[in-house]
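Asker: no FASTA, just this:
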């Protein structure tokens, strides 16, 4: 009944649009007819007809994608309206992409008009810019890249399919940065920091383990294929490792959307989200280090310790370099927004500055030879942690909404392109053994990541990762945008083509099957929702992250006061001997804002089961000379904060506010 | 004193940033040093080193612009903080661009490493894709365009300057669309519609007049130059007309910003803004029609009636086609947002849809061979007029903020690029006679646009355009982004190069001098501000736009109810005989929303001096069959709205609300 009513409603809406449209179509088609005649007359005149034709074609191709996205949005609306959870927007975008791909492949065939000319030149290099002298006129050509012999035939085969193919670098330079930045910018969740240790373990150790397990397993498959003669080209161990690296980047966007909707356990959410954000970066750098593995001499595909070390060095160098650049730009933005406080009155300028600085991180990293996407991730995290606190409320909204929109558009674009590619890509190599092997390997790699690591982590975690959480994390190992972008980046060799085809299938399968089955899996694993207001706080069970506590104290006492307007003045947190330095670093605003010590991260650590000090809220007043007097304890306990060590555990003091609330003994101020 | 205090503050802020930065620079430089070593090791490995190098260089170039914009923002902040009105952000962006241009031109010289190779081929065509066989390997090249002989030397001259030069089509495909869309989207002002007739006259008649006056004058200059031997190449009458067209596009963004700040007379604002928005479109289409003027046969630069008519046809065809496409997409978006009302609960989807539909207008127009920028303008106006009313409050904010940001970034980018170009462009032709002539011509053209037209318009306007308004409009004829983009689009011939150089100077002069002198001019012309709350409404003086009233009635009675949730139900506005059609077209929501007839355009016509009907607010209730009963007059006068003609002047009824307010006799409901 509900379905019929909904159908009826949809039909009504469509009819209504149609009726309204027909009025306008009548009028506008008249105009269009008139213009068409002029248009064809105009075409004769235009001299550079070919360039214009190409521009038109490009516009039309892009239009196809835009209309695909529009269609996706309208369908998602129907789904959300009906509360369908079995298909996420990304899955839907893929389906639409697939359909358009089928149409382009089989229904439309534009034969090449032989507009490719092969020139044989006596030059030894391939210059970036080529000037071609065609009967007296000079034409400028730019290098697009080297292409393999069998690609040449494809280029001359179907023009239409070629037209809808983007340069893979578009993903890394345009589409991935906003997605990754948005992920980093959304990471400001207290549960993320509470589970930092585990997240780092899954992301770094787990991804590397998964990469090697998959690589080894696939190498076994490849050897088997070679044995029975199923292999049509070279496939080296480094290729297998590369495959392991690219399919180790998880992207559980589908699962997380459902988690968000159902308000599933926040720790599980943080573990999954944090892992997926960071392992994208790890997989990206890992894959480029594997590509960079090149032993010297002729034995280019054997093991060599020196080359291996070099690769490892590249991994460390690129990762830490990108990390440092990202954090540095984030810090600079925080400093600017910290000092140019009057920018708060001009949210447009503030948002523009924020956007430009975040973009410049990417460009700076790329210009320096690091990885822009990784830098952008850490920049986003830094921005969320520091800059965000300095923004005006309107800019907070604006920046969030802007990157939310960019993320949405880019993500759905990538997924619909993915669907399209299954039919429009010309050099697919589907090898049954390799595909079955890859699915097994992906499963094994994920298992080797989650279960042993969870066991090890549980040894030191107070808030254990229970077995149903582990199963859920295992299940939520979807592959997505990063895996696709990495696999399409280079499809020149036979091995890479086979990897690309297999990767596409892995992504489709995981997004549709694992993404679609999330609600079933959740109820099967009996993972409860925490309710609409998210109040269920398992406060006593908490990761005993000593590392994290040290970081938190340092961050709260020194970094936050230097970079944001929240946190205590430095004069209060620096040891007494460093008084002059503290006064020098503390801005006048810090004293002005001393009453508003409330940090949006103040619920970072809510409370701690072990330490239940009965301190109340504390306000610190500092006089102009930088000396400070502690004041106004709420619970009636006076704290002399002149003694530095008292301040080195502000989270203890912070945590008591929650305790008071929980035990119901809060004193009214 | 104020200046010194401000300086001190600035220095303090800078010092503070520096102190904070030094802490982080220390840490990050350590990281960077480590990575550099790895980095150089990595470079040896990369196979396509050249492509990577080029990508790095591109990133660095773009970074220069991003940093320029950042610097502009920070300086604007200082200016706004100090309430400096003599220099607008666009003027500032130009100055920074100039400075960077000087540095690039004179301080940095990267000699070409001979990476351009000229090939002589025996092909007759210039294919879009070129495959070059370099010693067995195939490289793919894409056509960038034809270049003239003297450009070839430049290409090999200074690599650095070439690198920072963008393809001029970037302006038309990426930077101008958001600017123009934003202008159209901001046009939803009641004063715009009140002055619609005058604005259309200035934009269409005025631009054409200005184009021909400037063209004729410049042709005189060219003849003079030819006489005295100052001309180094061909310069035809069509070139002069083309110059006339491109410098007829006004862009008073600087002036309007000050108007906005000072709350200057709303009618003057509407006249200037409306004219500048529309004449961009007119100038763009006009210039492309002039380029398309090509008499048949050998006499390619003489007058021919047929070719002239063809050009005129192209102008009409392209303009009306782009107009129709823009409006059509706007209407489709309005219909979607009208029917998918539940989209309002999902502002992200709504905003994304709005963005995609607006973008698809551009692509559709380009794919059809019309002018995307013009289509986008009319799409923006339609969106503002209809779709905007259907959006949720959050999406209204989001879309406005999004396009505000895009407009800001694109505009400042163009202006800083403009500054840069003065020094980095290689083929400048500065001809003193032409430059002086151009300044005179621009002045004359503007005068021939404003004064005669104002005189004619005043004959029929009740609200006269006073002489000080005319002087102000004359003064505010700044040239900006569109003029620049049109002049840089094609700089292949001598004539075009001279035009480009001259246009740059015109833009610089008008933006700095006219923009900077706006406040002086305002006070000199004794144009008052209307106060911060904008309440000064010269209600009795109003343009007697019979054309506009017919349009307004049609819009309000038929279009608004069909396309938005505001306005009366169609059953109320359609004649009685068309009842079934009206019922068919009226959505159920229209009945649901019948209580909320309040349209955000309801203050479009505030009141009319002649017609002061004493009708109060009217609510219309419609029963399910579509028959309606009028009800609840506020002022005690019953209106039987079953009689159709009563409804055909709803603006009369609307207008009374304001009258009540003004006379202070409003009855409490």
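Answerer: Yep, that arrived. Remember, it's a predicted structure, so these values are computed and weren't measured experimentally.
Asker: count the residues that sit near residue A:437.
Answerer: Counted with other Cβ atoms under 10 Å in any protein chain shown, the neighbours of residue A:437 add up to 21. Placement of C-beta: from N, CA and C, glycine included.
Asker: go on, the one 5 residues further on?
Answerer: If you count neighbours by other Cβ under 10 Å, residue A:442 ends up with 27.
Asker: so it is in which element?
Answerer: helix A:432-460 (DSSP states H and E).
Asker: tell me what that helix is packed against?
Answerer: Applying 3 or more Cβ pairs under 8 Å, 6 or more residues apart in numbering or on different chains; DSSP states H and E, one finds that helix A:432-460 makes contact with helix A:196-200, helix A:207-227, helix A:237-246, helix A:467-475, helix A:494-509.
Asker: what about 6 Å?
Answerer: helix A:207-227, helix A:467-475, helix A:494-509 (3 or more Cβ pairs under 6 Å, 6 or more residues apart in numbering or on different chains; DSSP states H and E).
Asker: so which of those helices is nearest residue A:263?
Answerer: helix A:467-475 (14.9 Å; Cβ to Cβ).
Asker: what sits up against that closest one?
Answerer: Under the criterion Cβ atoms under 6 Å, 6 or more residues apart in numbering or on different chains, residues A:268, A:446, A:450, A:454, A:514, A:521, A:525, A:527 lie in contact with helix A:467-475.
Asker: please list only the buried members of those.
Answerer: A:268, A:446, A:450, A:454, A:514, A:521, A:527 (16 or more other Cβ atoms under 10 Å in any protein chain shown).
Asker: possible to save those as JSON lines with pLDDT?
Answerer: Below are those laid out as JSON lines (pLDDT from 0 to 100):
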{"residue": "A:268", "pLDDT": "88"}
{"residue": "A:446", "pLDDT": "94"}
{"residue": "A:450", "pLDDT": "93"}
{"residue": "A:454", "pLDDT": "94"}
{"residue": "A:514", "pLDDT": "88"}
{"residue": "A:521", "pLDDT": "87"}
{"residue": "A:527", "pLDDT": "78"}
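Asker: out of the residues you listed, which comes closest to residue B:492?
Answerer: Nearest to residue B:492 out of the buried ones among the contacts of helix A:467-475 is residue A:514 (Cβ to Cβ; 56.3 Å).
Asker: wait, the closest one touches residue A:477, no?
Answerer: No - here residue A:514 lies out of contact with residue A:477, judged by Cβ atoms under 6 Å, at a distance of 7.5 Å.
Asker: report the angle between the helix or strand residue A:282 falls within and helix A:467-475.
Answerer: Using DSSP H and E, residue A:282 sits in helix A:266-291. Taking axes from the mean of the first three to the mean of the last three Cα atoms, to 10 degrees, helix A:266-291 and helix A:467-475 form an angle of 40 degrees between their directions.
Asker: and helix A:266-291, what does it pack against?
Answerer: On a contact count with 3+ Cβ pairs under 6 Å, 6+ apart, helix A:266-291 meets helix A:190-194, helix A:207-227, helix A:237-246, helix A:305-339.
Asker: point out the residues in the stretch 301-450 of chain A that sit beside chain B.
Answerer: Residues of the stretch 301-450 of chain A lying near chain B by Cβ under 6 Å from any Cβ of the partner chain: A:313-314, A:317, A:320-321, A:324, A:328, A:331, A:335, A:339-340, A:342-343, A:348-349, A:351-353, A:356, A:359-360, A:363-364, A:366-367, A:369, A:398, A:401, A:404-405, A:408.
Asker: any idea how far the residue nearest to residue A:319 when sequence neighbours are not counted is from chain B?
Answerer: Sequence neighbours aside, residue A:285 is the residue nearest to residue A:319 in space, at 4.7 Å (criterion: Cβ to Cβ, 6 or more residues apart in numbering or on different chains). As judged by Cβ to the nearest Cβ, to the nearest Å, residue A:285 and chain B stand 11 Å apart.
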